[in-house]
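Participant: Here is the input, now give the coordinates:
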Amino acid sequence: MNNYDNSALLQAAEIAARCAGDILRDGFGKPLDTRNKEGMHNLVTQFDLLAEEAIVECLRRATPDASIVAEESGSNKGASELTWVIDPLDGTVNFAHKIPIFCVSIAAVQHGEILCGVIYNPLTDECFTVARGQGAHLNGNALRVSETTMLHDAILVTGFPYNVAENPLRCIDQFAAVVGKGLPVRRLGSAALDLAYTAAGRFDAYWESILLPWDMAAGVLLVQEAGGRVTRYGSAEFELSTGSIIASNGHIHDELTQLLELR
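Facilitator: So this is what the prediction gives:
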């Protein structure tokens, strides 16, 4: 049972996301203190950390008893059932290489149910917001997934895990299968934006073999509230944990799922 006001949570999340976005916008293109985490090209900069600190501070003021799960600082258990799932800078590699495709992603979760979320691109000032049962929006305007009904007419987006060379879940073979069908595929470098753009109808579907909760929590609810469908591979029911994802407009979901199964 949801004991929280989703609209109030969403307002707190948007304030936090915009605060972090200011930090990232100001830091973009400036000298970086960059280090590698586990995996090739798995970077963190001082601006990831600064943005995360600002988000946590904002959310603590609004919901002092909530738990925090954040990409850089890990988990901090609170006294309430509410958990904030935070990616302060999704697209760090892009950010570090002065590629202007990155965002802030924040979601509120209770007992595994995503209550609301925000994905904010500070360079374009596009703020994707969603609250369960209240629809998905971009800067206040309602979003709807695309109407594409056949996979051969679709434009897709994907990403790869940091251990892509190990070909987990045959992700390289999946990519080859999709491209081999002549389908246009984009690779933005930000899972959160991939999902937001799918919710907005810019892409017809998105898939990836391994994502972490903070990569997708807000984006999953955006797609669902915009009328789309989200599953694990093999049409397994989606749950918010580390693993695979297929998010689509719903119309091409089964066809894409079958292609990714490489039969």
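Participant: gap between residue 46 and residue 52?
Facilitator: Distance, residue 46 to residue 52, using CB to CB, to the nearest Å: 11 Å. Every C-beta, even on glycine, is put in place using the N, C-alpha and C of the backbone.
Participant: More neighbours: these two, which one.
Facilitator: residue 52 (23 against 15; other CB atoms under 10 Å).
Participant: The more buried one: what's it in contact with?
Facilitator: By CB atoms under 8 Å, 6 or more residues apart in numbering, residue 52 lies in contact with 20, 70-73, 86, 88-89.
Participant: Inside helices: which ones of these?
Facilitator: residue 20 (DSSP state H).
Participant: I'd like the contacts of residue 52 laid out as CSV, including pLDDT.
Facilitator: Below are the contacts of residue 52 laid out as CSV (pLDDT from 0 to 100):
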residue, pLDDT
20, 98
70, 93
71, 82
72, 83
73, 81
86, 97
88, 97
89, 97
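Participant: Mark which of the contacts of residue 52 are part of strands, please.
Facilitator: Residues of the contacts of residue 52 located in strands (DSSP state E): 70, 86, 88-89.
Participant: out of those, who's nearest residue 5?
Facilitator: Each of the ones in strands among the contacts of residue 52 was scored against residue 5 by CB to CB, and residue 86 proved nearest at 19.7 Å.
Participant: returning to that earlier point: among the contacts of residue 52, name the buried ones.
Facilitator: 20, 70-72, 86, 88-89 (16 or more other CB atoms under 10 Å).
Participant: Contact partners for the residue nearest to the spatial centre of the chain?
Facilitator: Nearest to the mean C-alpha position of the chain, by CA atoms, centre = their mean, lies residue 192 at 2.4 Å. Residues in contact with residue 192 (CB under 8 Å, 6+ apart) are 87, 90-91, 103, 105, 119, 215-216, 218-219.
Participant: Let me have these in TSV, adding secondary structure and distance to residue 27 as columns.
Facilitator: As requested, the contacts of residue 192 are exported to TSV (DSSP: H, G, I helix; E, B strand; the rest coil; distance: CB to CB, whole Å):
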residue	secondary structure	distance to residue 27
87	strand	16
90	strand	15
91	coil	13
103	strand	14
105	strand	17
119	strand	19
215	helix	21
216	helix	24
218	helix	22
219	helix	23
